[in-house]
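Visitor: model this:
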Amino acid sequence: MKQRFLSLPVTACVLALSAWVSATSAHAQETDTVQSAAQACMRAWGSQHPFTDTPPLRTVSGAVRVLGRGSSVADREVTDFPVLVVVQPGVNVLGESEMELLNPNGWYCLRAAVNVGGGLRIKLHCDARLASATSGTSVLGDNAGRGVSVMGAISVERVGCARS
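Guide: Predicted structure coming up:
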């Protein structure tokens, strides 16, 4: 019985790794670079984005959390101008995880989000934009998270909105 309990985290890690590989394999067939992810997100935003074909951008590292342990993703840098921010792939297994994307001028591009048996909550500034590079679908309008979620949920919460 003790062996089964100890194998649970190992099984969860294997599930997360295979889900992450599945999520990124289709995108990896085209040149899987930060720039191609940015291009996919700009296509999802259509003519609404303020960027050129090859915009300057920055990246935010993804995070790996297993059983609630590990780092979280946070971008709290506020700019006076629009900036395209590519969020690198993140994995959450059997726990709660949170991303803070708080630049009101941020145009956030998620390369991939893998969530296995847990909850991923994305805190997005009210004026920021969000799209997924893997599905090419904008999630600004409906606040629905995009990514791979196995027995879990991905949600987007708007923060920093002006009260009327």
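Visitor: For this structure, give me the ranges with low pLDDT.
Guide: Confidence mapping of the chain against pLDDT under 70 gives the ranges 1-32, 113, 135-152, 164.
Visitor: So residue 39: helix, strand or coil?
Guide: Here residue 39 is recorded as helix under DSSP: H, G, I helix; E, B strand; the rest coil.
Visitor: Tell me who's in contact with it.
Guide: Counting by CB atoms under 8 Å, 6 or more residues apart in numbering, residue 39 touches residue 53. Glycine gets a C-beta too; all of them are placed from N, C-alpha and C.
Visitor: Report the separation between it and residue 163.
Guide: Distance, residue 39 to residue 163, by CB to CB, to the nearest Å: 37 Å.
Visitor: For the nearest residue to residue 96 once chain neighbours are set aside, give me its contacts.
Guide: Spatial nearest neighbour of residue 96, excluding adjacent residues (CB to CB, 6 or more residues apart in numbering): residue 119 at 5.0 Å. Contact partners of residue 119, counting by CB under 8 Å, 6+ apart, are 92, 96-97, 152-155.
Visitor: What distance do you get for residue 119 to residue 132?
Guide: As judged by CB to CB, residue 119 and residue 132 stand 18 Å apart.
Visitor: That concludes my questions; thank you for your assistance.
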